[in-house]
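Asker: quick one, structure for this:
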Amino acid sequence: MLATALALSLATPFLASAGAGEPAIHDPLAALARDLDATAAEVLAAFPAYDAARIASATAALEARAGTPAAGPMDGYVLAQGYLELAVIRRFYETEAPGTMPESLGRYEPDALSEAGLGHARAFAASHAGHSDIARVEGELISLQIRGMTGGMTKGPKARAAIERALEADPGNGWARFAVARMHFHNPPFAGGDLDLALAELREIARGVPSFRVSLYIARCYMRKRMDPQAAYWLEKAREQAPGNPEVERLRAGMRTREGDRP
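Answerer: Residues are numbered from 1 along each chain as shown. Here you go, the predicted model:
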């Protein structure tokens, strides 16, 4: 997710790295995947490759079986996550590679995917009181609707509140902690941005959530700090976790270009 999507209003950092006595960081999506049928599991499996067509096809199949005996108990949660994934991918192509945006995403209006996901997230939350991760999905979906400072001031607090609810329900939720770390990465200092804190949090999160998204942001932190050997290490780890992912490959190409420009 990119800077315009995460300029959230944070007066002060509200998450510190885990220490002694802190809950173990874990991946709620990994736990979810173990209980899904093939159709729902496809949503999560297709994301590392940014295969928008596969995700869109799987979400359409889940939409089609809603309200029927074939529907799964977690379908609403998976649909919300699926639209979040599609919105993340669309934002990447929209801002960094617009000329190569897949047709399966180009037909959507910028906020249409987030709105679809929010509908499912809120419906699922209403019928699953106390679910520990759905508020995180809601918060990330709201954050993807942020564009510019005005959007950060209006939608930022709503996204923050949703993510805080997820952390209150499960302080070890790795993806909620990841959302907070990205806020610290993207926000200016006056709004709670703190590159060193973001990096410390992300490195801690990586212990419990070995995902390309976490590795990618660790690499971004090191690139911003001009610590290129460390950035290259984490970019390679991201590539191993998500071979062929276009966002990872774009950053790796940028790193190679930067290295070639050195005297």
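Asker: give the buried residues for the host helix or strand of residue 205.
Answerer: Using DSSP states H and E, residue 205 sits within helix 195-208. Buried residues in helix 195-208, counted by 16 or more other Cβ atoms under 10 Å: 195, 197, 198, 199, 200, 201, 202, 204, 205, 206, 208. The C-beta positions use only the backbone N, C-alpha and C, and glycine is treated the same way.
Asker: now swap in stretch 251-258 and tell me
Answerer: In stretch 251-258, counting by 16+ other Cβ under 10 Å, buried: 251, 252, 255.
Asker: could the buried residues of helix 195-208 go into JSON lines alongside pLDDT and distance to residue 123?
Answerer: Shown next, in JSON lines, are those (pLDDT from 0 to 100; distance: Cβ to Cβ, whole Å):
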{"residue": "195", "pLDDT": "97", "distance to residue 123": "37"}
{"residue": "197", "pLDDT": "97", "distance to residue 123": "35"}
{"residue": "198", "pLDDT": "97", "distance to residue 123": "32"}
{"residue": "199", "pLDDT": "98", "distance to residue 123": "36"}
{"residue": "200", "pLDDT": "97", "distance to residue 123": "36"}
{"residue": "201", "pLDDT": "97", "distance to residue 123": "31"}
{"residue": "202", "pLDDT": "98", "distance to residue 123": "32"}
{"residue": "204", "pLDDT": "97", "distance to residue 123": "33"}
{"residue": "205", "pLDDT": "98", "distance to residue 123": "29"}
{"residue": "206", "pLDDT": "97", "distance to residue 123": "32"}
{"residue": "208", "pLDDT": "95", "distance to residue 123": "29"}
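Asker: low-confidence ranges, the stretch 151-263 of the chain, go.
Answerer: 151-152, 258-263 (pLDDT under 70).
Asker: helices of that one, start to end?
Answerer: Along the stretch 151-263 of the chain, counting by DSSP state H, counting those that start in this stretch, helices occupy 174-186, 195-208, 212-224, 228-241, 246-260.
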